[in-house]
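Student: structure, please.
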Amino acid sequence: MSSYKSIVRTYISQIRPRAKAELGWFREQPTLNSAIGLASLAINSQGKRYSHQRRLKKANLQRAKLTLLANSRNLKECREFEELFKVIEMLLEPISGIGELYVYDTALRIGAKLGLLPKKVYLHAGTRAGAKALGFDGKARALEISALPKEFRQLEPHEIEDVLCIFESELNDENFRISDKVGSKPSWCD
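Tutor: The predicted structure follows:
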C-alpha cells in the first residue's frame, strides 16, 4: 500500500463485500430479538464468534445478551445510531470485560437490523491507532467524515472504521505517510 487511494481500493474490492454481507445478515434476521441475541454473543453468519471478540468471557457475553434483550424496547425506540450506541454503552457499562470495541460492534450489528448506521467514525483501540496515524487526537470518541482524507470519503463511516483498524500499520508507516503528501500539505486539505 502506498497511498490512501490504494487502501480504499483494496477495502472496496477485497473487504467491503464480506463486511456488507455480514451487516446484511444481521439486517435480515427475522426479529430484533434474534439480531440482539446474535450481536450480543458476537456470533457471525458462520455461527462462530467473531475473532476480535474471542477473548471475551462467555459469561459476560451472556450477561450482555440478557441485559440487551431485557431492554429491546429501548433499543427499538432509538432513532439514530448515536442514540443506540449510547444506550448500549450505558446498559453494558456495569458488565466487566465489555470494552468499547464490543459496544461499537454490537451497536453496529443491532443498528443494521434497525436501519441505523453511524454518521461518524467511532474510535476504539484499533481505530484510534489508525486515527492517530492520520494526525488526530487519540482521545476523540468519534471523527466527522469531513475531517478525514478526501480519499476516505467515498466510504461509509463504518467502513472507514474498518479501514482505520485493518490498515493501521500501513497508516503508521512513515514511508506511506510521506508518499501520500502533496508538498508539505496533507492531501485531505485539498
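
Student: following the chain past the helix or strand containing Leu61, name the next helix or strand.
Tutor: Element membership of Leu61 [criterion: DSSP states H and E] is helix 58-70. As assigned by DSSP H and E, the chain's next helix or strand after helix 58-70 is helix 72-76.

Student: number of nearby residues for the closest residue to His158 other than its chain neighbours?
Tutor: Leaving aside its sequence neighbours, His158 sits nearest to Pro118 (C-beta to C-beta, 6 or more residues apart in numbering; 5.4 Å). All C-beta atoms are positioned from the backbone trio N, CA, C, and that covers glycine. The local packing of Pro118 (other C-beta atoms under 10 Å) involves 23 other residues.

Student: can you check Leu164 too?
Tutor: Using other C-beta under 10 Å, Leu164 has 28 neighbouring residues.

Student: which other helices and strands contact whichever helix or strand it is part of?
Tutor: Assigned by DSSP H and E, Leu164 belongs to helix 157-166. If contacts are counted by 3 or more C-beta pairs under 8 Å, 6 or more residues apart in numbering; DSSP states H and E, helix 157-166 sits against helix 16-27, strand 121-122, helix 125-133.

Student: what angle do helix 16-27 and it make with each other?
Tutor: Orientation check (axes from the mean of the first three to the mean of the last three C-alpha atoms, to 10 degrees): helix 157-166 against helix 16-27 gives 120 degrees.

Student: could you dump helix 157-166 to CSV, C-alpha only?
Tutor: Extracted in CSV, the C-alpha atoms of helix 157-166 (Å, rounded to 0.1, in the frame of the first residue of the first chain):
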residue,chain,number,x,y,z
PRO,A,157,-18.4,5.8,8.3
HIS,A,158,-18.5,2.1,9.5
GLU,A,159,-16.3,1.2,6.5
ILE,A,160,-13.8,3.9,7.5
GLU,A,161,-13.8,2.4,11.0
ASP,A,162,-12.8,-0.9,9.4
VAL,A,163,-10.1,0.9,7.3
LEU,A,164,-8.5,2.6,10.3
CYS,A,165,-8.4,-0.7,12.2
ILE,A,166,-7.4,-3.0,9.4
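
Student: what's downstream of it, the next helix or strand?
Tutor: Once the chain leaves helix 157-166, the next helix or strand it forms, by DSSP H and E, is helix 168-172.

Student: this completes my enquiry, with thanks.
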